[in-house]
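> Need coordinates for the below:
(one chain, ligands or ions: 1)
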Amino acid sequence: MSDKLKIKKPVKRYYRKRVELFRLIDKIKLWPSRTGTLHGIRTIEKIGDQARITTHCNKTFMVNNSRNSRASRWLRNKWFHDICPACRIPDWKLAKYSSTQFKRHHGSLLLDDAGENSR
Ligand SMILES: [Zn+2]
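Just a heads-up that it's a prediction; the model follows:
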């Protein structure tokens, strides 16, 4: 039918506003710190309702799996004022994040999404 055009421009993604924090960070792999710095997540180790997050700059902390936590809200609203230089978040990841939209009635809840989309 048509040639597959490999366009670098990221596709717009739609996620639900009420997506669980763990599913969201599993997908996005970014963490907005309380001080407004965006970090890259290296590992997420789930322990019941909590998870231990390790960033690429080697910060480790526990978070709760909430839809309405500060981190969920800040991720959805893209509230950050700088990007951690130590985490070295690749540009494609930031582009993908900035093209992600959060909607109340439209988009994925990221349920049953086992496939890792590393692009
Ligand atoms: Zn960092």
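> contacts, neighbours, all on C-alpha from now
Will do.
> my read is Cys87 is in a strand, agree?
No: according to DSSP: H, G, I helix; E, B strand; the rest coil, Cys87 belongs to no strand; its state is coil.
> can you tell me which residues contact it?
Remark: with contacts taken as CA atoms under 8 Å, 6 or more residues apart in numbering, Cys87 is in contact with His39, Gly40, Thr55, His56, Cys57.
> how about Ser72, secondary structure?
Using three-state DSSP, the three-state assignment for Ser72 comes out as helix.
> any idea how far it is from the ion?
With the distance defined as CA to the ion, to the nearest Å, Ser72 ends up 18 Å from the ion.
> Based on its surroundings, how many neighbours for that residue?
The tally of other residues near Ser72 (other CA atoms under 10 Å) stands at 23.
> next one: phi and psi at the nearest residue to it once chain neighbours are set aside?
The shortest distance from Ser72 to any residue that is not its chain neighbour, by CA to CA, 6 or more residues apart in numbering, is 5.8 Å, and that residue is Leu21. Main-chain torsions, Leu21, degrees, to the nearest 10: phi -60, psi -40.
> same check, this time on the one 3 residues further on
Backbone geometry at Leu24, expressed as degrees, to the nearest 10, gives phi -70, psi -50.
> That one contacts Ser108, doesn't it?
No: the pair formed by Leu24 and Ser108 falls short of the contact definition of CA atoms under 8 Å, at 10.3 Å.
> So which of those two has more stuff around it?
Summary of the neighbour comparison: Leu24 and Ser108, criterion other CA under 10 Å, with Leu24 having more neighbours (21 against 16).
> Local confidence estimate at the more buried one?
pLDDT, the model's per-residue confidence, is 93 for Leu24.
> tell me the centre residue of the protein?
Closest to where the C-alpha atoms of the chain average out (CA atoms, centre = their mean) is Ile28, at 2.3 Å.
> The closest residue to Phe22 other than its chain neighbours: how many residues sit nearby?
Closest residue in space to Phe22, ignoring its immediate chain neighbours: Asn65 at 5.8 Å, by CA to CA, 6+ apart. Per other CA under 10 Å, the neighbour tally for Asn65 reads 17.
> Alright, that wraps it up for me.
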